[in-house]
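S.K.: sequence and predicted structure below; questions after.
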Amino acid sequence: MSTTDQPLVSILIPAYNCRPWIRKAVESALGQTWKNCEVIAVDDCSTDGTHGELKEFAGSIHLERSDARRGQNATRNRLTELSSGKWLVYLDADDELHPESVELKLQFMAEADAIYGSTKIATYVDAHVDAREAESEERVAEDYVDPWAAAFAWKFPNTTAFCFKRRAVIAAGGWNEKIRNCTDYDLYFRLLLNNSRFKAAARAWSTYRQWSATQAVNEDPLRKMTTRLQLMFDVAARMKAIEEMTPPRLSAFFDASLGVLRTIYPLNPSLAIEYHEKLLAECPECRPSKDLFPTRYRLIYHTVGFSSAERIAGLMRS
């Protein structure tokens, strides 16, 4: 396919205080084998020299600096406004696309609205571009029989690994500027509610970096888990309203919610118990899956209930 026949892909980089990694992110965007790409970055009022790094790419990328701190999702929406591509890649400023990432995803563009690739998760001991990786993990993308069940189980990769059809993002309402956590899944769920087609491109890789306690993924665990839980409850309610909540999906919702509640319980037991009562009201016939929960835990849960099972589990762990 010649460059003139290739649909334009917009690689969109929201940047805030990511100076150690921003150069690698931009270089990975510019180095794509899919040549019909535009690269746009919006610096959300960085204070660590990120903007100076971005200015060195003048002429190769379109760069804008916010006049006031907006937040990640507002910056993503601004990037969407600035873009012209039929397909959109939201490349986080501390992540990296492998050279063939876009090209390998767009092999499936005729059969999908959201194409996701495989991910290398790299954890660093400090925020330095030459820092040694403390550990890394590879997650190979796969297709799922029911994307809803996969979404409840949080099996899709992070934002960088996706290539979205522009019209699907617009139809879903763009990025939700009211939340600070689970922003990717908030969009994924709305895409699924709009019947967007999800497709895996296993050979298309990106790198997702964890390097700072100040990253949104690491901030305020209770807020993150509560946001995730409420998001799933809201989506489940909408699915029931449109009669899309099949028994297998309801079971997946129950298992995923119970898993989150188990994380919340040590942080705020009363909140976990309150949400568990709501969960039972939504799924009165559901029980913890034997594939996801240990036999001992399921036995205790069935016998004495959630709160007692969590107290016993806590004692056993300690």
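M.R.: Here it is on my side, so go on. What you see is a predicted model; the values in this text were computed from it and never measured.
S.K.: could you find the closest non-adjacent residue to Ala112?
M.R.: Nearest non-adjacent residue to Ala112, counting by Cβ to Cβ, 6 or more residues apart in numbering: Lys199, 3.5 Å away. All C-beta atoms are positioned from the backbone trio N, CA, C, and that covers glycine.
S.K.: for that neighbour, name its beta-bridge partners.
M.R.: Listed beta-bridge partners, Lys199: Ile115 (assigned using DSSP bridges).
S.K.: confirm for me that it is in contact with Ala114.
M.R.: Yes - under the criterion of Cβ atoms under 8 Å, Lys199 makes contact with Ala114 at 7.3 Å.
S.K.: what helices or strands is the host helix or strand of Arg298 leaning on?
M.R.: Per DSSP states H and E: Arg298 is located in helix 295-304. Counting by 3 or more Cβ pairs under 8 Å, 6 or more residues apart in numbering; DSSP states H and E, the packing neighbours recorded for helix 295-304 are helix 306-317.
S.K.: got the buried residues for the helix it packs on?
M.R.: The neighbour-count check on helix 306-317 (16 or more other Cβ atoms under 10 Å) flags Phe306, Ala309, Glu310, Ala313 as buried.
S.K.: picking up where we left off before, neighbour count winner among Lys199 and Ala114?
M.R.: More neighbours surround Ala114 than the other of Lys199 and Ala114, with 22 against 19 (other Cβ atoms under 10 Å).
S.K.: distance of that one from Thr123?
M.R.: 26 Å (Cβ to Cβ, to the nearest Å).
S.K.: and Asp255, by the same measure?
M.R.: Using Cβ to Cβ, Asp255 is found at 27 Å from Thr123.
S.K.: of these two, who's got more company?
M.R.: Between Asp255 and Thr123, counted using other Cβ under 10 Å, the more crowded position is Asp255 (21 against 13).
S.K.: hang on, isn't that one packed against Cys283?
M.R.: No - counting by Cβ under 8 Å, Asp255 does not reach Cys283; the two are 9.6 Å apart.
S.K.: wait, what's in contact with Ile179?
M.R.: The contact partners of Ile179, taken as Cβ atoms under 8 Å, 6 or more residues apart in numbering, are Asn73, Asp186, Thr227, Leu231.
S.K.: in helices only, show me the residues you listed.
M.R.: Taking DSSP state H, the ones among those that sit in helices are Asn73, Asp186, Thr227, Leu231.
S.K.: so which of the residues you listed is the most crowded?
M.R.: Result: Asp186 is most packed of the ones in helices among the contacts of Ile179 (other Cβ under 10 Å), 22 neighbours.
S.K.: wait, what's in contact with that one?
M.R.: Counting by Cβ under 8 Å, 6+ apart, Asp186 touches Trp175, Asn176, Ile179, Leu231.
S.K.: same thing but at 10 Å, please
M.R.: Asp186 is in contact with Asn73, Ala172, Gly173, Trp175, Asn176, Lys178, Ile179, Thr227, Arg228, Leu231, Asp234, Val235, counting by Cβ atoms under 10 Å, 6 or more residues apart in numbering.
S.K.: next one: Ser257
M.R.: With contacts defined as Cβ under 10 Å, 6+ apart, Ser257 is in contact with 152, 228-229, 232-233, 236, 275-276, 278-279, 282-283, 286.
S.K.: try 8 Å this time
M.R.: Applying Cβ under 8 Å, 6+ apart, we find Ser257 in contact with Leu229, Met232, Phe233, Tyr275, Leu279.
S.K.: how about the host helix or strand of Leu191: buried residues?
M.R.: Assigned by DSSP H and E, Leu191 falls within helix 183-193. Residues of helix 183-193 classed as buried by neighbour count (16+ other Cβ under 10 Å): Thr183, Asp184, Tyr185, Asp186, Leu187, Tyr188, Phe189, Arg190, Leu191, Leu192.
S.K.: mind listing what's buried in stretch 262-277?
M.R.: Judged by neighbour count (16+ other Cβ under 10 Å), stretch 262-277 contains these buried residues: Arg262, Ile264, Tyr265, Leu271, Ala272, Ile273, Tyr275, His276.
S.K.: those residues in strands, which ones?
M.R.: Here DSSP state E is the test, and the buried residues of stretch 262-277 give no hits in strands at all.
S.K.: can you tell me which of these end up in helices?
M.R.: Per DSSP H, the subset of these in helices is Arg262, Ile264, Leu271, Ala272, Ile273, Tyr275, His276.
S.K.: just those residues now: which is nearest Asp220?
M.R.: Checking these against Asp220 with Cβ to Cβ, the nearest one is Ile264 at 12.3 Å.
S.K.: what sits against the closest one?
M.R.: Counting by Cβ under 8 Å, 6+ apart, Ile264 touches Leu222, Met225, Thr226, Leu229, Leu271, Ala272, Tyr275.
S.K.: gap between the third one and Leu261?
M.R.: Spelled out, it's Thr226. In terms of Cβ to Cβ, Thr226 sits 10 Å off from Leu261.
S.K.: now flag whichever of the contacts of Ser257 is closest to Ala25.
M.R.: Of the contacts of Ser257, the one sitting nearest to Ala25 (Cβ to Cβ) turns out to be Met232, at 30.3 Å.
S.K.: before I go, just wanted to say thanks for your time.
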